[in-house]
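Asks: Here is the input, now give the coordinates:
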Amino acid sequence: MGSVGGGTCGPVAVCSWSQIGNGGILIVGISTDSAAGVQHVTSVTFGGFPLTWIARREDPNGNVLASMWYLMNSPPGSAQVQVTFASTPSFGTVGGSVTFSNVAGIGAYNTNNGLGSLASVSVNANSGDLVFGILTAGHQGSSPSPAENQLWNTPNPVLGAASDENVISPGPQTLTWSGLSPGNNWAMVAVDLRALSSSPPSCGFILSVAPTFQTVVAGQTANFALSVTPTNPSCIPSSVNFAVAGLGPGMNYEVTSSGIAITTDPIATPPGVYTITLLAGTQQAQMTLTVTAATSTVSSTTVASTTSLAFSFSLTVSPSTESVQNGASTSYVVSVVPVSGTSTPVSLTVTGLPASVSGSFTTPSGTPPYTSNLNVDLSASTASPGSYTLTVVATASGVVQTATATLIIQQASTTSSSSSAVATTSTQSGLVPASIPLDDLVIAALVVIVIALAAFLMRGRGRKTAPTTQ
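Replies: The predicted structure follows:
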């Protein structure tokens, strides 16, 4: 485990605190009052780098909320964790963050909620992994089980707490907090942090770019040569993941095998000096890019002009997959970010929902950049269990972008007693398999009654007395 950070905030829409990155995975846990779900977290960043949402859970009464996010390859050094809410919490927020080394990635995750003095959640994990969990409760006064390592336990007045536990035996691992007041509202989220394989060892490298200084006119592209040099010649990294920080407005980047290209926008990128940082694992390299104003002349008369690019934007949906049962609800975070041109309003719609499932956006239309929660309601759902592809469509001034996500509707669990109760249907003549539909049984019974009545009438006609003569 690396460093632990955290903080408390009052009723504010943005909460932040300091954290030290170590090049490994960064986990952030947020505990706040929920007010029927309107305080959902829309984004979390660390030093400007966006985190990915793992899961969230509210208590059964919708009073408190636990939300968990993560960032692989956290930039080394101190930076601010910033949490943005869809609306301002009514009371306060407890935020916590922690870094871990030797983590290959996110494994299984699970959530749970309840009312009472004992809170717990289970998640499947393998030997050598680490299970991490957060707790949000309506009252303070709780402690983890002796096998767990407490990371934070803070009231504000909502209780926010976290713990982790090393996995000895594979299978379900349970994190438990006790000592809550009777009838307490609580919600938990837990995740399996998959351990890096001990063989082969990780390969170190040195990252560098050239040149380190460039000057371009707004609208041009700056190209930097990129070099990844292994520190051990006999151990070459199979792949390197890159991230970039410090880009100015209207800038984008592309990393190739030979270098990194920084594009600027003639309208959106203002003149100035930008310090851009390229990150890869624990390594980083800095570039200084000076952008000058874009102007041009027409004929012999000097005329200031600009090149107007068409408006475009990017659309993302996270998480990529959500699993839920009929009768419950879930949501996705939709992000709309401008890429070029002058931003105009962008409208959001969704397709692909099953017929009995409804979806709504907290912000159905807005001017980028903005985020919107896609809330999916299955309270009246009769949809069959399975996987459904949802398509979010964003439209603005003739520009259309789409992004997809997966909705998995799980099979509702049934008890053994209810299964045996419907296994057979008793009749006078024996047992009828329960697989025969009820409508078919009713129709069959009606047919038998009609045939019997017809036979009775026919016998009655045959017994009429013949006429006699005197």
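
Asks: quick check: domain ranges of the chain?
Replies: 4-195, 205-292, 312-410 (automatic domain parsing).

Asks: so which of these comes closest to Ala455?
Replies: Closest to Ala455 of the domains of the chain, according to C-beta to C-beta: domain 312-410, at 43.0 Å. C-beta coordinates here come from the backbone N, C-alpha and C atoms, glycine included.

Asks: buried ones in stretch 68-87?
Replies: Neighbour counts over stretch 68-87 (16 or more other C-beta atoms under 10 Å) mark 68-76, 79, 81-83, 85-86 as buried.

Asks: Helices of the stretch 351-470 of the chain, start to end?
Replies: 416-421, 438-462 (DSSP state H, counting those that start in this stretch).

Asks: and the ones you listed, which one is worst for confidence?
Replies: Ranked by mean pLDDT, the helices of the stretch 351-470 of the chain end with helix 416-421 in last place, scoring a mean of 38.

Asks: Quick one, grab the pLDDT at the residue nearest the centre of the chain.
Replies: Closest to where the C-alpha atoms of the chain average out (C-alpha atoms, centre = their mean) is Pro319, at 3.1 Å. Predicted confidence (pLDDT) for Pro319: 90.

Asks: Could you do the one 4 residues further on as well?
Replies: Here the pLDDT value assigned to Ser323 is 91.

Asks: so where is the stretch 251-400 of the chain shaky, pLDDT-wise?
Replies: For the stretch 251-400 of the chain, the stretches flagged by pLDDT under 70 are 257, 295-309.

Asks: and with 50 instead?
Replies: Across the stretch 251-400 of the chain, the ranges flagged by pLDDT under 50 are 297-307.

Asks: mind listing the strands for it?
Replies: Assignment of strands within the stretch 251-400 of the chain using DSSP state E, counting those that start in this stretch yields the ranges 252-255, 259-263, 272-280, 283-292, 312-318, 321-325, 329-340, 346-351, 358-361, 365-366, 370-377, 386-396, 399-410.

Asks: Let me have the ones you listed in JSON lines, extended by mean neighbour count.
Replies: Converted to JSON lines, the strands of the stretch 251-400 of the chain look like this (neighbours: other C-beta atoms under 10 Å):
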{"stretch": "strand 252-255", "mean neighbour count": "15"}
{"stretch": "strand 259-263", "mean neighbour count": "18"}
{"stretch": "strand 272-280", "mean neighbour count": "17"}
{"stretch": "strand 283-292", "mean neighbour count": "17"}
{"stretch": "strand 312-318", "mean neighbour count": "18"}
{"stretch": "strand 321-325", "mean neighbour count": "15"}
{"stretch": "strand 329-340", "mean neighbour count": "20"}
{"stretch": "strand 346-351", "mean neighbour count": "17"}
{"stretch": "strand 358-361", "mean neighbour count": "16"}
{"stretch": "strand 365-366", "mean neighbour count": "16"}
{"stretch": "strand 370-377", "mean neighbour count": "20"}
{"stretch": "strand 386-396", "mean neighbour count": "16"}
{"stretch": "strand 399-410", "mean neighbour count": "16"}
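
Asks: a markdown table please, covering those and showing distance to Val131.
Replies: Output for these, formatted as a markdown table (distance: least, C-beta to C-beta, whole Å):
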| stretch | distance to Val131 |
| --- | --- |
| strand 252-255 | 34 |
| strand 259-263 | 37 |
| strand 272-280 | 28 |
| strand 283-292 | 29 |
| strand 312-318 | 23 |
| strand 321-325 | 19 |
| strand 329-340 | 23 |
| strand 346-351 | 34 |
| strand 358-361 | 32 |
| strand 365-366 | 38 |
| strand 370-377 | 28 |
| strand 386-396 | 27 |
| strand 399-410 | 22 |
